[in-house]
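Chemist: below: sequence and its predicted model.
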Amino acid sequence: MAIISMYFAYSLLFLIFLLSSMLSSSRCNSTIYNTKFNEPLNRRDVPLTYRLHSDLLKYYKKGTRPVIHPNKIINVTMSVFLYQIIKLDAVKNTISLSGSFELYWKDDFLQWNPKDYDGATEIFLSSNDIWIPEFSLYYSHHFNQAVKLLSNNDVRVNYTGNVRYYLPYSTESLCKLDVKFFPFDIQQCTLLFGSWAHSNDSIKYSLYSNDLSLIDFYDNQEWQLDSGHSHIVSDSFLYDYLDPPLFWEMIIMDLVLIRQSFYYVFNLVIPSTIITLVAVIGFHTPSTSGRMRDAKFRLGIMTLMSMSVILLAIVEDMPKFSMSSSRKGRGSFSGIPLIGLFYFILLAIIGSSTVTTSMFVFLEKDLRRKNHIPWYLHWLSFDINTGFLPSIPSNDFNKRLIAHNDSARLSPPPILRRRFAITSNLMTDYDDIEQECNQSWEYLIDTIRNIEASVIAIRSEMINLMPQDNLRSRWQRVIRRLEIISLSFYVLLVAVTVFLFFYHDWYCAIGHSPCGQANLKCPWMKTTPIHQTCF
């Protein structure tokens with residue numbers, strides 16, 4: 001009996017242990033780890049969100065379009081937000097920007113009855129657990145973004161199956177930049193968004209609003225967004241080379257950007273213009289010795305070095321050539337940016353001024369040794385410009401003339417003494433005119449003619465007796481007047497260059513191609529890309 005009672009006691013303990021093990025095992029099977037086996041959670045102590053999450057994703061396949069019938073089209077509606085234009089790279093022809101999309105679509109497999117879940121109408125799910133529409137940026141500069149725009153943000157789902165997905169992006173897209181009018185250029189970048197695989201028969205994209213939302217937009221220091229001409233639309237494109245031909249729905253974002261040119265004008269254009277004017281005026285300042293004229297060459301070299309430093313400051317940022325739609329126009333004069341042409345003209349003006357100064361030095365050192373002034377220089381200096389160019393004062397010349405000819409001042413030549421005597425006698429006769437008023441008018445006219453002849457004779461005698469130093473003075477007058485003409489010409493040329501730089505509509509006609517895309521700075525220039533000569 002003792003053995004039987006002991007056996008019964010051990011059997012009872014074993015049964016108690018077995019029952020406790022079964023209870024603990026059933027309790028573990030009713031926890032949230034049961035979702036791994038896709039078993040329903042019906043215990044009331046399990047959170048409602050876990051039960052709803054488990055029930056929604058029990059048979060869900062995120063790699064398949066969430067439609068009951070394969071021919072059903074999923075309509076994806078979106079709102080577009082733009083945050084910032086980060087950069088436009090004229091060298092790589094790209095635009096960097098940031099923004100976000102809010103996508104809305106209906107998922108037939110994410111629906112439930114709120115009554116079965118204590119009135120729960122919404123739930124947040126991970127975007128990695130459900131189907132997300134393929135949405136890509138065409139012509140992206142980065143391959144991974146060209147495949148698909150993705151975000152790890154959660155999605156918001158309500159009981160009717162409507163899904164809201166927030167998709168921020170910061171991307172770099174290709175954009176053909178026309179920098180012909182740099183730094184006054186206007187750029188238009190077109191960004192295309194859509195699906196690579198799904199055509200309109202499976203996914204159709206549309207806009208919730210046709211307005212580009214700029215609520216959280218931050219301005220760029222260099223570029224200003226023209227919100228009046230920037231827009232976003234949805235459109236479909238036919239790919240007729242497919243069999244059968246299919247339409248692809250795309251979201252087209254057109255951004256019109258205006259460059260802020262004040263930085264370039266204030267820091268580059270104005271200093272360069274001032275340097276050019278100072279150099280031109282310095283080249284044409286009057287000098288009294290050959291050393292001062294030689295210093296002008298050093299001024300020209302220093303000016304060219306200053307312009308070179310300014311060019312080095314912008315050569316990295318300044319685009320090389322305008323990417324014209326016509327390949328023939330690339331790399332030619334028509335593709336030079338406006339500021340590059342402006343600096344080229346300024347350098348040409350400084351170089352020409354240096355050459356002109358060297359010509360003046362040559363005239364002063366060599367040509368003045370000749371006995372006469374060439375007729376063309378005399379015509380240019382005295383005959384044409386006597387009325388509007390100032391003449392060199394002759395006081396210094398008179399002093400030099402007397403200093404070099406002291407004997408002439410002490411004892412005038414006999415011819416001049418005779419002329420002076422005749423003139424004094426004539427003047428005496430003229431003083432007695434009132435007393436001898438009865439004389440005839442013929443005698444008076446003859447007297448005046450004699451005075452005129454005497455003055456002409458004295459003048460010719462003075463010219464003949466003029467020392468050789470007068471020729472040097474005339475050469476100085478010629479050179480000075482030529483310098484004034486040159487200074488006026490170069491200052492006028494600088495003014496015209498600056499005027500044409502700021503009022504640059506004339507540059508539209510240079511290198512215009514009717515086969516290319518119209519420049520936004522030249523809306524009046526007609527283009528016909530479909531013309532037969534364009535192919």
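Modeler: On my side now, so go ahead. Numbers count the residues shown, from 1 in each chain.
Chemist: all contacts plus neighbour counts: C-alpha atoms, from now on.
Modeler: Noted.
Chemist: could you give the bridge partners of Tyr165?
Modeler: Leu103, Val155 (DSSP bridges).
Chemist: pretty sure it sits against Ser100.
Modeler: No - look at Tyr165 against Ser100 with CA atoms under 8 Å: they stay out of range, at 10.4 Å.
Chemist: ok, these two, which is more surrounded?
Modeler: Between Tyr165 and Ser100, counted using other CA atoms under 10 Å, the more crowded position is Tyr165 (20 against 16).
Chemist: what pLDDT does the model give that one?
Modeler: For Tyr165, the model assigns a pLDDT of 95.
Chemist: contacts only, for it.
Modeler: Applying CA atoms under 8 Å, 6 or more residues apart in numbering, we find Tyr165 in contact with Glu102, Leu103, Tyr104, Asn153, Asp154, Val155, Arg156.
Chemist: so how far is Phe184 from it?
Modeler: 40 Å (CA to CA, to the nearest Å).
Chemist: also Thr357?
Modeler: 35 Å.
Chemist: equivalent analysis for Asp108, please.
Modeler: 53 Å.
Chemist: same question, Val361
Modeler: From Val361 to Phe184 the distance is 41 Å (CA to CA).
Chemist: the more surrounded of the two?
Modeler: Shown here are Val361 and Phe184; by other CA under 10 Å, Phe184 has more neighbours (22 against 16).
Chemist: so the more buried one touches Tyr263, yeah?
Modeler: No - the criterion here is CA under 8 Å, and Phe184 misses it with Tyr263 at 11.1 Å.
Chemist: report the mean confidence score over the helix ranked longest in the chain.
Modeler: Criterion DSSP state H: the longest helix present in the chain is helix 469-502. Confidence for helix 469-502, expressed as mean pLDDT, is 86.
Chemist: picking up where we left off before, now the buried members of the contacts of Tyr165.
Modeler: Among the contacts of Tyr165, those classed as buried by 16 or more other CA atoms under 10 Å are Glu102, Leu103, Tyr104, Asp154, Val155, Arg156.
Chemist: biggest separation within those residues, which pair?
Modeler: The most widely separated members of the buried ones among the contacts of Tyr165, counting by CA to CA, are Tyr104 and Asp154 (13.3 Å).
Chemist: surely Leu177 meets Val256?
Modeler: No - Leu177 lies out of contact with Val256 (CA under 8 Å); the separation is 11.3 Å.
Chemist: find the residues that touch each one of the two.
Modeler: The contact sets of Leu177 and Val256 overlap at Gln187, Gln188, Cys189 (CA under 8 Å, 6+ apart).
Chemist: for those, which one is nearest Ile479?
Modeler: Closest approach to Ile479 among the shared contacts of Leu177 and Val256 (CA to CA): Gln187, at 50.7 Å.
Chemist: could you pull up the contacting residues of the residue lying closest to the closest one once chain neighbours are set aside?
Modeler: Nearest residue to Gln187, sequence neighbours excluded (CA to CA, 6 or more residues apart in numbering): Leu257, at 5.1 Å. By CA under 8 Å, 6+ apart, Leu257 lies in contact with Ile186, Gln187, Gln188, Trp223, Gln224, Leu225, Asp226.
Chemist: just the buried subset of the residues you listed, please.
Modeler: Among the contacts of Leu257, those scoring as buried are Ile186, Gln187, Gln188, Trp223, Leu225 (criterion: 16+ other CA under 10 Å).
Chemist: narrow those to those in strands?
Modeler: Judged by DSSP state E, the buried ones among the contacts of Leu257 include Ile186, Gln187, Gln188, Trp223, Leu225 as members of strands.
Chemist: low-confidence regions, the stretch 51-200 of the chain specifically.
Modeler: Applying pLDDT under 70 to the stretch 51-200 of the chain flags the ranges 143-148.
Chemist: now the helices for it?
Modeler: 143-147 (DSSP state H, counting those that start in this stretch).
Chemist: what about Trp441, distance to Thr447?
Modeler: Per CA to CA, Trp441 is found 10 Å from Thr447.
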